[in-house]
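Student: only geometry, no sequence info:
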(Lines give C-alpha, C1' and ligand atoms only; values in the text may rest on other atoms or scores of the structure.)
Protein backbone atom coordinates (compact mmCIF):
# COMPACT_ATOMS: atom_id res chain seq x y z
CA UNK A 1 0.00 0.00 0.00
CA UNK A 2 1.47 3.36 -0.96
CA UNK A 3 1.44 6.50 1.19
CA UNK A 4 -1.61 8.00 -0.54
CA UNK A 5 -3.69 4.86 -0.01
CA UNK A 6 -2.55 4.62 3.62
CA UNK A 7 -3.49 8.27 4.20
CA UNK A 8 -6.92 7.73 2.62
CA UNK A 9 -7.44 4.58 4.69
CA UNK A 10 -6.53 6.40 7.91
CA UNK A 11 -8.76 9.35 6.97
CA UNK A 12 -11.64 6.97 6.25
CA UNK A 13 -11.17 5.15 9.58
CA UNK A 14 -11.25 8.47 11.45
CA UNK A 15 -14.42 9.48 9.58
CA UNK A 16 -16.10 6.18 10.46
CA UNK A 17 -15.05 6.58 14.10
CA UNK A 18 -16.61 10.07 14.18
CA UNK A 19 -19.90 8.96 12.61
CA UNK A 20 -20.36 5.68 14.47
CA UNK A 21 -22.55 6.22 17.53
CA UNK A 22 -21.06 5.20 20.85
CA UNK A 23 -23.43 3.21 23.01
CA UNK A 24 -23.35 2.88 26.74
CA UNK A 25 -24.39 -0.75 27.31
CA UNK A 26 -25.19 -0.27 31.00
CA UNK A 27 -27.36 2.78 30.32
CA UNK A 28 -29.19 0.94 27.52
CA UNK A 29 -29.79 -2.10 29.73
CA UNK A 30 -31.10 0.11 32.53
CA UNK A 31 -33.46 1.91 30.16
CA UNK A 32 -34.71 -1.39 28.71
CA UNK A 33 -35.23 -2.76 32.22
CA UNK A 34 -37.18 0.32 33.34
CA UNK A 35 -39.28 0.44 30.16
CA UNK A 36 -40.08 -3.28 30.13
CA UNK A 37 -40.77 -3.14 33.86
CA UNK A 38 -43.14 -0.21 33.42
CA UNK A 39 -45.04 -2.05 30.68
CA UNK A 40 -45.26 -5.13 32.92
CA UNK A 41 -46.42 -2.96 35.82
CA UNK A 42 -49.21 -1.51 33.68
CA UNK A 43 -50.13 -5.06 32.63
CA UNK A 44 -50.20 -6.20 36.25
CA UNK A 45 -52.39 -3.26 37.27
CA UNK A 46 -54.82 -4.08 34.45
CA UNK A 47 -54.75 -7.76 35.43
CA UNK A 48 -55.42 -7.02 39.09
CA UNK A 49 -58.27 -4.68 38.22
CA UNK A 50 -59.91 -7.12 35.79
CA UNK A 51 -59.43 -10.00 38.23
CA UNK A 52 -61.07 -7.90 40.94
CA UNK A 53 -64.22 -7.69 38.84
CA UNK A 54 -64.69 -11.42 39.36
CA UNK A 55 -63.46 -12.76 36.03
CA UNK A 56 -61.64 -16.08 35.95
CA UNK A 57 -57.91 -16.37 35.21
CA UNK A 58 -58.32 -17.08 31.49
CA UNK A 59 -60.62 -14.10 30.86
CA UNK A 60 -58.37 -11.88 32.95
CA UNK A 61 -55.42 -12.85 30.74
CA UNK A 62 -57.42 -12.15 27.58
CA UNK A 63 -58.57 -8.73 28.74
CA UNK A 64 -55.10 -7.80 29.95
CA UNK A 65 -53.55 -8.72 26.58
CA UNK A 66 -56.25 -6.90 24.63
CA UNK A 67 -55.93 -3.75 26.71
CA UNK A 68 -52.12 -3.75 26.43
CA UNK A 69 -52.39 -4.11 22.64
CA UNK A 70 -55.04 -1.35 22.53
CA UNK A 71 -52.87 1.00 24.61
CA UNK A 72 -49.87 0.26 22.39
CA UNK A 73 -51.79 0.99 19.20
CA UNK A 74 -53.27 4.14 20.74
CA UNK A 75 -49.83 5.38 21.81
CA UNK A 76 -48.48 4.51 18.34
CA UNK A 77 -51.27 6.50 16.70
CA UNK A 78 -50.51 9.47 18.94
CA UNK A 79 -46.82 9.23 18.07
CA UNK A 80 -45.76 8.43 21.64
CA UNK A 81 -44.82 4.74 21.41
CA UNK A 82 -41.93 5.36 18.98
CA UNK A 83 -40.49 7.83 21.52
CA UNK A 84 -40.88 5.26 24.31
CA UNK A 85 -39.22 2.62 22.10
CA UNK A 86 -36.37 4.96 21.19
CA UNK A 87 -35.68 5.66 24.86
CA UNK A 88 -36.31 2.14 26.19
CA UNK A 89 -34.94 0.05 23.33
CA UNK A 90 -35.66 -3.65 23.63
CA UNK A 91 -37.66 -3.03 26.80
CA UNK A 92 -40.41 -1.55 24.64
CA UNK A 93 -39.98 -3.78 21.62
CA UNK A 94 -40.00 -7.25 23.17
CA UNK A 95 -43.39 -7.37 24.99
CA UNK A 96 -46.75 -7.80 23.24
CA UNK A 97 -46.97 -4.01 23.07
CA UNK A 98 -43.93 -3.90 20.80
CA UNK A 99 -45.51 -6.39 18.45
CA UNK A 100 -48.72 -4.35 18.34
CA UNK A 101 -46.64 -1.27 17.58
CA UNK A 102 -44.85 -3.08 14.75
CA UNK A 103 -48.20 -3.83 13.11
CA UNK A 104 -49.85 -0.45 13.76
CA UNK A 105 -46.93 1.78 12.72
CA UNK A 106 -46.80 0.68 9.04
CA UNK A 107 -50.60 0.77 8.83
CA UNK A 108 -50.61 4.37 10.00
CA UNK A 109 -47.66 5.32 7.82
CA UNK A 110 -49.04 3.84 4.59
CA UNK A 111 -52.77 4.61 5.00
CA UNK A 112 -52.48 7.50 2.52
CA UNK A 113 -51.69 4.94 -0.20
CA UNK A 114 -55.09 3.33 0.22
CA UNK A 115 -56.63 0.30 1.86
CA UNK A 116 -55.20 -2.33 -0.49
CA UNK A 117 -51.83 -1.03 -1.68
CA UNK A 118 -51.11 0.94 1.47
CA UNK A 119 -52.41 -0.76 4.59
CA UNK A 120 -53.04 -4.18 3.05
CA UNK A 121 -49.59 -4.54 1.52
CA UNK A 122 -47.49 -2.84 4.18
CA UNK A 123 -49.14 -3.74 7.50
CA UNK A 124 -46.90 -6.76 8.15
CA UNK A 125 -43.70 -5.21 6.81
CA UNK A 126 -42.10 -5.25 10.25
CA UNK A 127 -44.16 -7.94 11.98
CA UNK A 128 -44.14 -10.41 9.08
CA UNK A 129 -40.69 -11.86 9.76
CA UNK A 130 -41.55 -12.18 13.46
CA UNK A 131 -44.69 -14.12 12.61
CA UNK A 132 -42.89 -16.28 10.04
CA UNK A 133 -39.96 -17.24 12.25
CA UNK A 134 -42.22 -17.65 15.27
CA UNK A 135 -44.36 -20.18 13.40
CA UNK A 136 -41.35 -22.02 11.95
CA UNK A 137 -39.60 -22.15 15.32
CA UNK A 138 -42.71 -23.35 17.16
CA UNK A 139 -43.23 -26.01 14.49
CA UNK A 140 -39.60 -27.18 14.82
CA UNK A 141 -39.78 -27.32 18.63
CA UNK A 142 -43.12 -29.09 18.41
CA UNK A 143 -41.58 -31.71 16.12
CA UNK A 144 -38.62 -32.17 18.48
CA UNK A 145 -41.00 -32.50 21.43
CA UNK A 146 -43.10 -35.05 19.53
CA UNK A 147 -40.02 -37.10 18.61
CA UNK A 148 -38.78 -37.02 22.21
CA UNK A 149 -42.18 -38.25 23.43
CA UNK A 150 -42.11 -41.06 20.84
CA UNK A 151 -38.61 -41.98 22.07
CA UNK A 152 -39.99 -42.29 25.59
CA UNK A 153 -38.47 -39.11 26.96
CA UNK A 154 -41.10 -37.25 28.93
CA UNK A 155 -40.49 -34.28 31.17
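Tutor: It's in. Every value quoted in this text rests on a predicted model; they were computed, and no experiment measured them.

Student: Name the helix or strand of this structure that has the lowest mean pLDDT.
Tutor: Lowest on mean pLDDT, DSSP states H and E among the helices and strands of the chain sits helix 121-122, with a mean of 73.

Student: and for that one, what are the contacting residues?
Tutor: 106-107, 109-110, 113 (Cβ atoms under 8 Å, 6 or more residues apart in numbering). No exception for glycine: its C-beta is placed from N, CA and C like everyone else's.

Student: Give me the domain ranges for the protein.
Tutor: Here the domain parsing of the chain from automatic domain parsing is 3-123, 125-155.

Student: After the least confident helix or strand of the chain, which helix or strand is next? Please name it.
Tutor: Going down the chain from helix 121-122, the next helix or strand is helix 127-150, by DSSP states H and E.

Student: Can you list the buried residues in that next one?
Tutor: Within helix 127-150, the residues scored as buried using 16 or more other Cβ atoms under 10 Å are residue 127.

Student: I'd like the mean pLDDT over it, please.
Tutor: The average pLDDT within helix 127-150 is 89.

Student: please begin residue numbering at 461 from this point
Tutor: Renumbered: residue one is now 461, and that last one reads helix 587-610.

Student: Summarise which helices and strands it is packed against.
Tutor: Here helix 587-610 touches helix 556-569, going by 3 or more Cβ pairs under 8 Å, 6 or more residues apart in numbering; DSSP states H and E.

Student: Buried residues of the helix it packs on, list them for me.
Tutor: Within helix 556-569, the residues that count as buried by 16+ other Cβ under 10 Å are 557-567.
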